[in-house]
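A.B. asks: Need the 3D shape of this:
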Amino acid sequence: MKNPLTFLWSSGKIKPKNMGKKPVKPSKDKEYYRLAFKILGDFGVSIAVPVIVFSRLGLYFDEKYGFYPWLTIIGFIFAAVFTGISINKKAKRYAQEYEDIDKK
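C.D. replies: I've put the predicted structure just below:
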């Protein structure tokens with residue numbers, strides 16, 4: 001005995017929903033969210049680590065040589081400049097990744 005669905009399919013009474021239409025593209029949302037969280041984590045680390053490291057080094061040398069608070073302030077300024085340069089380079093790279101997602 002034949003399967004009744006096979007008969008209905010072959011007779012043309014049942015058709016898939018997108019038969020004869022263009023295939024549906026998968027959503028890019030997942031890729032955008034992945035990129036967003038990658039940027040969030042990378043920028044967070046790029047901001048926090050230099051500030052902590054250079055401020056702590058400045059504080060250490062302030063206590064060692066008695067220049068408090070000047071070396072801490074210089075360390076913080078150096079960290080801010082370093083972070084700004086780093087974030088600028090990463091932002092350009094992530095902008096390119098974002099455009100690459102759009103092109104897919």
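A.B. asks: Tell me which residues of the helix or strand where residue 55 lies come out buried.
C.D. replies: Using DSSP states H and E, residue 55 falls within helix 29-65. Within helix 29-65, the residues that count as buried by 16 or more other C-beta atoms under 10 Å are 31, 35, 39, 43, 46-47, 50-51, 54-55, 57-59, 61-62. All C-beta spots, glycine's among them, are computed from the backbone N, C-alpha and C.
A.B. asks: which residues does residue 39 contact?
C.D. replies: In this structure, residue 39 makes contact with 90, 94, judged by C-beta atoms under 8 Å, 6 or more residues apart in numbering.
A.B. asks: repeat that with 7 Å
C.D. replies: residue 94 (C-beta atoms under 7 Å, 6 or more residues apart in numbering).
A.B. asks: Report pLDDT for it.
C.D. replies: Note for residue 39: predicted pLDDT of 96.
A.B. asks: From residue 45, how far out is it?
C.D. replies: 11 Å (C-beta to C-beta, to the nearest Å).
A.B. asks: which stretches of the protein aren't confidently modelled?
C.D. replies: When residues are selected by pLDDT under 70, those of the chain lie in 1-26.
A.B. asks: how does it look with 90?
C.D. replies: Within the chain, the segments meeting pLDDT under 90 span 1-29, 67-68, 101-104.
A.B. asks: can you name the two of the buried residues of helix 29-65 that are farthest apart?
C.D. replies: Pairwise distances among the buried residues of helix 29-65 were taken by C-beta to C-beta; the largest, 46.5 Å, belongs to 31 and 62.
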